[in-house]
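Undergrad: Prediction below, plus the sequence it came from.
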Amino acid sequence: MTIDSDKIRSDFPILKTEVNGKPLVYLDNGATTQKPQSVIDTIVDYYTHYNSNIHRGAHHLSNLATEAHEEARKTVQSYINAASNREVIFTRGTTEAINLVAFSYGEAFVNPGDDVIVTEMDHHSNFVPWQMICERRGANFRTIPFDKNGNLRLDVFEKLLSEKTRIVAFNHVSNSLGTINPAKRIIKMAHDAGAAVLVDAAQSVQHVEHDVQDLDADFYAFSGHKIYGPTGIGVLYGKESWLDAIPPYQGGGEMIDQVSIEKTTYNKLPFKFEAGTPNIVGPIGLAAAIDYLNTMPFEEIRAYEDDLLEYGREQLLEIEGLTIYGNADQRTSILAFNIEGIHHYDLGTLLDTQGVAVRTGHHCTQPIMTALGISGTVRASLALYNNKEDIDALVSGIQKVRKMLGE
Amino acid sequence: MTIDSDKIRSDFPILKTEVNGKPLVYLDNGATTQKPQSVIDTIVDYYTHYNSNIHRGAHHLSNLATEAHEEARKTVQSYINAASNREVIFTRGTTEAINLVAFSYGEAFVNPGDDVIVTEMDHHSNFVPWQMICERRGANFRTIPFDKNGNLRLDVFEKLLSEKTRIVAFNHVSNSLGTINPAKRIIKMAHDAGAAVLVDAAQSVQHVEHDVQDLDADFYAFSGHKIYGPTGIGVLYGKESWLDAIPPYQGGGEMIDQVSIEKTTYNKLPFKFEAGTPNIVGPIGLAAAIDYLNTMPFEEIRAYEDDLLEYGREQLLEIEGLTIYGNADQRTSILAFNIEGIHHYDLGTLLDTQGVAVRTGHHCTQPIMTALGISGTVRASLALYNNKEDIDALVSGIQKVRKMLGE
Amino acid sequence: MASIRENQAEIVEDFSFLPQWDERYSYLIELGQKMEPLPEAFKVEDNIVRGCQSTVWLHRECRDGRVILEADSDSLIVKGLAALLMKVFSGQPAEDVLKAELTFFEETGLDKHLSSQRANGLMAMIEQIKTFAVKCAEEK
Amino acid sequence: MASIRENQAEIVEDFSFLPQWDERYSYLIELGQKMEPLPEAFKVEDNIVRGCQSTVWLHRECRDGRVILEADSDSLIVKGLAALLMKVFSGQPAEDVLKAELTFFEETGLDKHLSSQRANGLMAMIEQIKTFAVKCAEEK
Ligand SMILES: Cc1ncc(COP(=O)(O)O)c(C=O)c1O
Ligand SMILES: Cc1ncc(COP(=O)(O)O)c(C=O)c1O
């Protein structure tokens, strides 16, 4: 194991912060991750030395900015192993990427009576856009349930699939349960039924395998801010044939070839889907984050995180009355739980007074909470810079809360 | 005049850059503006001290980030004098804001046979989204021409207006001609005909009046990156009654109240239109830019810029064979021109070798170029930190190019 | 009976004796626990206040032009916050409730300390109370 | 006749004598101006290459399996770039054109210096030439 956790922690300046007089223990990485100094420096460098609008300029700064922006596209391409940089589209985040596909794929391929399938463990961002498009196109919205451990019911999925299935959308990793879904298998099943597949990789691209060609994903979406990059940037990968086959989403700026009052023609990929001035510094910062990750072998990152997760589970399970939600066969990064007699919101708020940052509530997955019959959970979610001391701080924090509540 | 141009220049670190061994003369502000140090520092401070996801957190960093984000909304609200912070929606930029309105207003109010009116001087971003929605909804796309000086033909507009007109969209300031359109008059005329109005303020919010209530705009859109703020952030203002009346645009994350497999209900304004994790640092940086602007009386900024524009026009008009495009009665910030016998691209490229950054081409307004019968222009566009020396550098650059071309 | 202003001043004073936030939360929780239990009959859909991570039931009554409030929540902290609102408003003349400016959240620092989602939940409670006060004032 | 590789090397050498970018552009412009004028009959829609701010006409002919190119542009700089492509490719066997790797853009630094929009225009020209070379090679 060459992961040097002290070194890594020192790369993230925010980890030196104090909260309520206590050192910050940041365990809300499923919501957003912190940024290494190299990402912050890259952003400052951009604004201080070569900020400019891109693609259309005939001047030096514009060339520099364009080049950095397009190099960033290649960095992303290579991280997810896309076949071409034309298949990498920058969006604001996962949510926008999914909305783009739901709309554009929906307009082209989803018709009345067709089926769209998502899972009951999907984030609202991979749930509501499909509900909306089903309503607009008169299609049926179908959902795959999960079992009590948090494994998808592939047997039910099998039965849902038919020649009416147009597209299947699912998260590779659940943000509320930590389940790693068997992506390759699901994709194969969907393809065999003639359906396209969108993979919501918001919680997987930074933790588990992320090779879009190996997965054979048709569409694949993730957010920069969850993989140590800046806010306001995300990626939509799409197979070139699909991206060519679906109509553009937004109009304006960069996405245009020729405009006249009578007729407008669209630009080539990837620009066809990038209307308006993009978040220029976003991809550049995201590439810096990926470069940072690339300084370590990915298998070691994964092994380190797996190890930490199992340590966390063990420690938490020692606490009386604690239930962990999400015990799937394959899992990563998420520790979701409740303690009998303590409301998740109270637990989260009181942990905060000790500097321990977790998230509470439904985590934008109300259908999961409905299925589990609970109103929410406390969720500690891990990143590369967390260590066993963070877990220990969480556990002793919980003990302290119990005392405060007089239990 | 209290505008201290040397002081202002020293606030923008990029202006110290050299290009091709010459000091940078940045005259591409219509494309994007540079950022004061205070904006850069605000971004660094965010990532270094309180980066966190917002709205949903039960912890300290999340509270800090949420508060800064929502304070930023109020800063924008007060800058454009919106009646409520619920009327300020953050988008990626002007383009996305316009697409949002075109889609959501279109779905609710534009029906087959209705008319949508834009102008022939609009940016593609305020042109193509309306073409797209007209095509989708079976409505008629109408355009208002302009006269040879770059004034909108209000007489033609008058005749286009009818009870079939659903919405009128126009740019307050043209990015290619610098025309300041008579926004209040246009809005009044549209309202009298019963139509809603969207104002594209991408080139006006930083240079001229920007009081949405005084204008009586129904929708109003602008980009942060053109008003000294970060990339990837823009604003859609909408009157609350309109924002309540139109359906949401994207689904997911923040914009949801309750989700179940059967039925989803949406959150209140402004969140109804803000799906997914937003570009959190974007509004915070934009607010820092507005705070910076607010250190100076706006009338003085405007007077300074007007003065500089007139100086620029005078100097340019002394150059033989130079034609200025855009001689409207009211104008701001844009110097667009061609020189007989020199292609705009050649002029722009050769100016760049002297450190002078201008933009060339059609500036995303192909209909303007078609109307003028030209393929493009050279455009020098001004910002607060430009001064007469910048104009002089442009003029002497042009003279030098002439010599290089052996004229 | 103390006025709304006096009630708020008292809360601010109580909090000022507790410099640490964990103490303040302990105090809040205590306040919630000391509240009269809300009769099950009042735990109906109509009494649920939206906007919180937790569920709040807010029962409102109008007696002789006075606003009477009872509340409960599955979260002890939220229940404590509800208890503060009861302390400030319950039993006060509807007109006073209508006119009242709530200053104690800022003065105690609770506004900055509660996440905005929570704050929204509180705002919703306050809105409900104010709306009810309008009706109650009219009844009189 | 010099090979494609030799042609490229010559261009790189010519540029190396001109350290300043304004000199390089002057040289480019000169190259463009020295090109044979393109007959008006060739300035047709089919010969227009997309992707540039300026208009480029690229006329292609296949003679004895060799690619013959002529070009014009309303921009002198673009015309100069077209002249470089003519110099490299025109008169070369179609098979060689097909296989050729263009290295001189990088080696002269032109790739970094031309805005991407321009680069796209160039890429489009090169694409057109390569596509044509496929046809020309088949004809033989
Ligand atoms: C008048 C006008 N409208 C709209 C836009 C589009 O703005 P953005 O590219 O920031 O979305 C621009 C800027 O390019 C503009 O000048
Ligand atoms: C599984 C999953 N999908 C989608 C999203 C939405 O991502 P974003 O809010 O960055 O658009 C998230 C994050 O909140 C997530 O965890």
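TA: The structure has been received and is ready for your questions. Just so you know, these numbers come straight off a predicted model, no measurement behind them. Ligands and ions are numbered 1, 2, ... in the order given.
Undergrad: where along the stretch 101-250 of chain A do the helices fall?
TA: Here the stretch 101-250 of chain A has its helices, by DSSP state H, counting those that start in this stretch, at A:128-137, A:154-160, A:183-192, A:212-215, A:240-245.
Undergrad: what's the shortest one packed up against?
TA: If I follow you right, that is helix A:212-215. If contacts are counted by 3 or more Cβ pairs under 8 Å, 6 or more residues apart in numbering or on different chains; DSSP states H and E, helix A:212-215 sits against helix A:183-192. Using the backbone N, CA and C atoms, a C-beta is placed for each residue, glycine as well.
Undergrad: Dump the C-alpha coordinates for the helix it packs on into PDB.
TA: Taking C-alpha atoms only, helix A:183-192 is exported to PDB below (Å, rounded to 0.1, in the frame of the first residue of the first chain):
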ATOM      1  CA  ALA A 183     -23.100  -2.400 -14.100                       C
ATOM      2  CA  LYS A 184     -21.800  -4.600 -16.800                       C
ATOM      3  CA  ARG A 185     -24.400  -7.200 -16.300                       C
ATOM      4  CA  ILE A 186     -27.300  -4.700 -16.200                       C
ATOM      5  CA  ILE A 187     -26.000  -3.000 -19.400                       C
ATOM      6  CA  LYS A 188     -25.700  -6.400 -21.100                       C
ATOM      7  CA  MET A 189     -29.200  -7.300 -20.200                       C
ATOM      8  CA  ALA A 190     -30.600  -4.000 -21.400                       C
ATOM      9  CA  HIS A 191     -28.600  -4.200 -24.600                       C
ATOM     10  CA  ASP A 192     -29.900  -7.700 -25.200                       C
END
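Undergrad: pLDDT on it, on average?
TA: Per-residue pLDDT over helix A:183-192 has a mean of 98.
Undergrad: Just the buried residues of that helix, please?
TA: Using 16 or more other Cβ atoms under 10 Å in any protein chain shown as the test for burial, helix A:183-192 gives A:183, A:186-187, A:189-190.
Undergrad: Output the residues you listed in CSV, with distance to A:F157 appended to each entry.
TA: Formatted as CSV, those follow (distance: Cβ to Cβ, whole Å):
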residue, distance to A:F157
A:A183, 13
A:I186, 7
A:I187, 12
A:M189, 7
A:A190, 9
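Undergrad: C:I11 against C:F105, yeah?
TA: No - counting by Cβ atoms under 8 Å, no contact exists between C:I11 and C:F105, whose distance comes to 9.5 Å.
Undergrad: Just give the closest residue to C:L85, not the sequence neighbours.
TA: C:M125 (6.0 Å; Cβ to Cβ, 6 or more residues apart in numbering or on different chains).
Undergrad: Check the contact between the one you found and C:R50; I expect there is one.
TA: No - using Cβ under 8 Å, C:M125 is not in contact with C:R50, being 9.9 Å away.
Undergrad: who has more neighbours, these two?
TA: Set C:M125 next to C:R50 and count neighbours by other Cβ atoms under 10 Å in any protein chain shown: C:M125 wins out with 24 against 14.
Undergrad: residues touching that one, list them.
TA: The neighbourhood of C:M125, defined by Cβ atoms under 8 Å, 6 or more residues apart in numbering or on different chains, consists of C:49, C:56, C:58, C:71, C:81-82, C:85.
Undergrad: I'd guess it is in a helix, am I close?
TA: Yes - with DSSP: H, G, I helix; E, B strand; the rest coil as the criterion, C:M125 is located in a helix.
Undergrad: What sits closest to C:L81 if chain neighbours are left out?
TA: C:L122 (6.0 Å).
Undergrad: who are the neighbours in contact with that neighbour?
TA: Contacts for C:L122 (Cβ under 8 Å, 6+ apart) come out as C:81, C:85, C:105, C:114.
Undergrad: Equivalent analysis for A:N327, please.
TA: Contacts of A:N327 by Cβ under 8 Å, 6+ apart are A:149-150.
Undergrad: part of a strand, is it?
TA: No - assignment of A:N327 by three-state DSSP gives coil, placing it outside any strand.
Undergrad: returning to what we had before: how close does the residue nearest to C:L85 sit to D:L85?
TA: From C:M125 across to D:L85, the span is 72 Å (Cβ to Cβ, to the nearest Å).
Undergrad: now do A:D114
TA: 49 Å.
Undergrad: what do you get for A:V378?
TA: Using Cβ to Cβ, A:V378 is found at 64 Å from D:L85.
Undergrad: Those two: which is more packed in?
TA: Neighbours were counted for A:V378 and for D:L85 using other Cβ under 10 Å; A:V378 has more, 28 against 19.
Undergrad: Enumerate every residue touching the more buried one.
TA: Going by Cβ under 8 Å, 6+ apart, A:V378 touches A:336-339, A:344, A:347-348, A:351, A:358-360.
Undergrad: Where does it sit: helix, strand or coil?
TA: At A:V378 the chain is in strand, as set by three-state DSSP.
Undergrad: Over to A:A58?
TA: Three-state call for A:A58 (three-state DSSP): coil.
Undergrad: so it touches B:H363, yeah?
TA: No - here A:A58 does not reach B:H363: they are 11.7 Å apart, not a contact under Cβ under 8 Å.
Undergrad: Going by contacts, tell me the helices and strands next to the worst-scoring helix or strand of chain A on mean pLDDT.
TA: When each helix and strand of chain A is scored by mean pLDDT, DSSP states H and E, strand A:256-259 comes last, with a mean of 88. Applying 3+ Cβ pairs under 8 Å, 6+ apart, we find strand A:256-259 packed against strand A:264-266, helix B:366-372.
Undergrad: can you list contacts of that strand?
TA: A:264-268, B:124, B:127-128, B:364, B:366-367, D:50.
Undergrad: Would you mark the buried spots in it?
TA: Going by 16+ other Cβ under 10 Å, strand A:256-259 has these buried residues: A:256, A:259.
Undergrad: related to what we said a few turns ago, between A:A58 and B:H363, which has more neighbouring residues?
TA: Higher neighbour count among A:A58 and B:H363: A:A58, with 28 against 24, using other Cβ under 10 Å.
Undergrad: residue contacts, the spatially closest residue to the more buried one that is not a sequence neighbour?
TA: Once flanking residues are discounted, A:A58 sits nearest to B:G348: 4.0 Å by Cβ to Cβ, 6+ apart. Counting by Cβ under 8 Å, 6+ apart, B:G348 touches A:58-59, B:358-360, B:378.
Undergrad: With chain C as the reference, measure out to the residue nearest to the spatial centre of chain A.
TA: Nearest to the mean C-alpha position of chain A, by Cα atoms, centre = their mean, lies A:A202 at 1.0 Å. Between A:A202 and chain C the computed distance is 20 Å (Cβ to the nearest Cβ, to the nearest Å).
Undergrad: Before I go, just wanted to say thanks for your time.
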